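> pasting a predicted model and its sequence here:
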Amino acid sequence: MPGISFDRAVEYYDETRGYPPGIDEQLRDSIIAHLGLGRDARLLEPGIGTGRIALPFIRAGYTYVGVDLSRGMMRKLRHKLTDRAQPVCLVCGDVMHLPFADASFDAAVLVHVLHLVDDWRQVLRETRRALREGGCMVLASDERGGEGDALPRARVHAAWSAILDELRVPPEQRRDGAPHGLDDRFPPFLEELGAEVRRTTLVAYRHVARTAREVAHQYQARLYSSCWALPDAVHTEAARRLQRWIDEECADPDTAHEAPARIDAYVARWP
């Protein structure tokens, strides 16, 4: 299997994963600065989706190529482009087997994609193959602030995980082995591929305020891809138990909390 298609998430994806206004442009500018990209740089994004990361680059005139399994997600990106002459090339394909010649790009941007594929190492090998000598790669992820364990999303996630434990859901249905965030396995593997790797913070901001009840609804409505592999009967029972936890055990389920957040990255560069 090449990975997880987000066709089912097209209509709600942007609403559940957006950044506050202006953060996407700040992220673009930070990536450009950290990678030292010139205006003529040719960029690749495996797992481009609806263009949450790509759009600021495209609108600024960078040559941008995206690959995704979901035609629907990329169609959504096309609809966002007011000027059809803007330089973007979208390819429906498998990021574990990129349909490009060796040494085709100056830089690659990977955000929230490596946990969705069967073999993240193969994705990094393929991305490296597609980079020119002296090319660079950024693996970025959203990170919560220091008090993150007390915030609604973390509390609900802990409750949901405990419920799946109670229901004895096997690891393959929970995707427990998938690498989430900036996995510690990434830098050694990139170094094996010949890269120099460093970790940095790209952007710091305040995360959108949410209540525990709102976060729980996202699990109950199967908005997260981590819920998609659960059998219907298992998900229904887990959602029922999560509702009971919200109603009977969760302290302060309806108070929104704005959280400090940041976007961190591993920046890999090949000499």
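Okay, I see it.
> who's in contact with the most centrally placed residue in the chain?
Closest to where the C-alpha atoms of the chain average out (CA atoms, centre = their mean) is His112, at 1.7 Å. For His112, the contacting residues are 17, 47, 141-142, by CB atoms under 8 Å, 6 or more residues apart in numbering. C-betas here are computed from N, CA, C, even on glycine.
> chain center to stretch 164-182, what's the gap?
17 Å (CA atoms, centre = their mean, to the nearest Å).
> just the buried positions in that stretch, please.
The neighbour-count check on stretch 164-182 (16 or more other CB atoms under 10 Å) flags 164, 169, 173-175, 178-179, 182 as buried.
> stretch 195-211 too?
Buried-residue list, stretch 195-211, by 16+ other CB under 10 Å: 195, 197, 202-203, 205, 207, 210-211.
> again with stretch 64-80
Within stretch 64-80, the residues scored as buried using 16+ other CB under 10 Å are 64-70, 72-74, 76-77.
> packing partners of the strand or helix carrying Val123?
Under the criterion DSSP states H and E, the helix or strand holding Val123 is helix 120-129. In terms of contacts (3 or more CB pairs under 8 Å, 6 or more residues apart in numbering; DSSP states H and E), helix 120-129 is packed against strand 42-46, strand 105-111, strand 131-144, helix 186-192.
> swap the cut-off to 6 Å and go again
Taking 3 or more CB pairs under 6 Å, 6 or more residues apart in numbering; DSSP states H and E as contact, there are no helices or strands that helix 120-129 lies on.
> quick one: that helix to strand 105-111, angle?
In terms of direction (axes from the mean of the first three to the mean of the last three CA atoms, to 10 degrees), helix 120-129 departs from strand 105-111 by 150 degrees.
> pull the CA atoms of helix 120-129 into PDB?
Extracted as PDB, the C-alpha positions of helix 120-129 are listed here (Å, rounded to 0.1, in the frame of the first residue of the first chain):
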ATOM      1  CA  TRP A 120       8.900   6.500   5.800                       C
ATOM      2  CA  ARG A 121      12.500   5.500   5.000                       C
ATOM      3  CA  GLN A 122      11.600   4.800   1.400                       C
ATOM      4  CA  VAL A 123      10.000   8.300   1.200                       C
ATOM      5  CA  LEU A 124      13.100   9.900   2.400                       C
ATOM      6  CA  ARG A 125      15.300   7.800   0.100                       C
ATOM      7  CA  GLU A 126      13.100   8.800  -2.900                       C
ATOM      8  CA  THR A 127      13.100  12.500  -1.900                       C
ATOM      9  CA  ARG A 128      16.800  12.500  -1.600                       C
ATOM     10  CA  ARG A 129      17.100  10.800  -5.000                       C
END
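> average model confidence for that helix?
Mean per-residue pLDDT for helix 120-129: 97.
> just to revisit the earlier point, among the buried residues of stretch 195-211, which are located in strands?
Members of those lying in strands (criterion: DSSP state E): 197, 202-203, 205, 207, 210.
> least confident of those residues?
Model confidence across these bottoms out at His207, which has 78.
> bridging residues for it?
Beta-bridge pairing for His207 (DSSP bridges): Ala259.
> so it sits against Pro260, correct?
No: His207 lies out of contact with Pro260 (CB atoms under 6 Å); the separation is 7.2 Å.
> leaving out chain neighbours, which residue sits closest to Gly177?
Using CB to CB, 6 or more residues apart in numbering and skipping the chain neighbours, the partner closest in space to Gly177 is Pro171 (6.3 Å).
> per-residue pLDDT, that neighbour?
Note on Pro171: pLDDT of 87.
> quick one: low-confidence residue ranges for the chain.
For the chain, the stretches with pLDDT under 70 are 1-3, 9, 13-14, 83-87, 144-150, 176.
> what about the strands in it?
Using DSSP E, the strands found in the chain span residues 42-46, 63-68, 88-92, 105-111, 131-144, 196-210, 257-269.
> the second one pairs with which strands, parallel or anti?
Strand 63-68 has the following strand partners under DSSP bridges: strand 42-46 (parallel), strand 88-92 (parallel).
> return the most buried member of the ones you listed.
Most buried of the strands paired with strand 63-68, by mean neighbour count (mean count of other CB atoms under 10 Å): strand 42-46, with a mean of 24.
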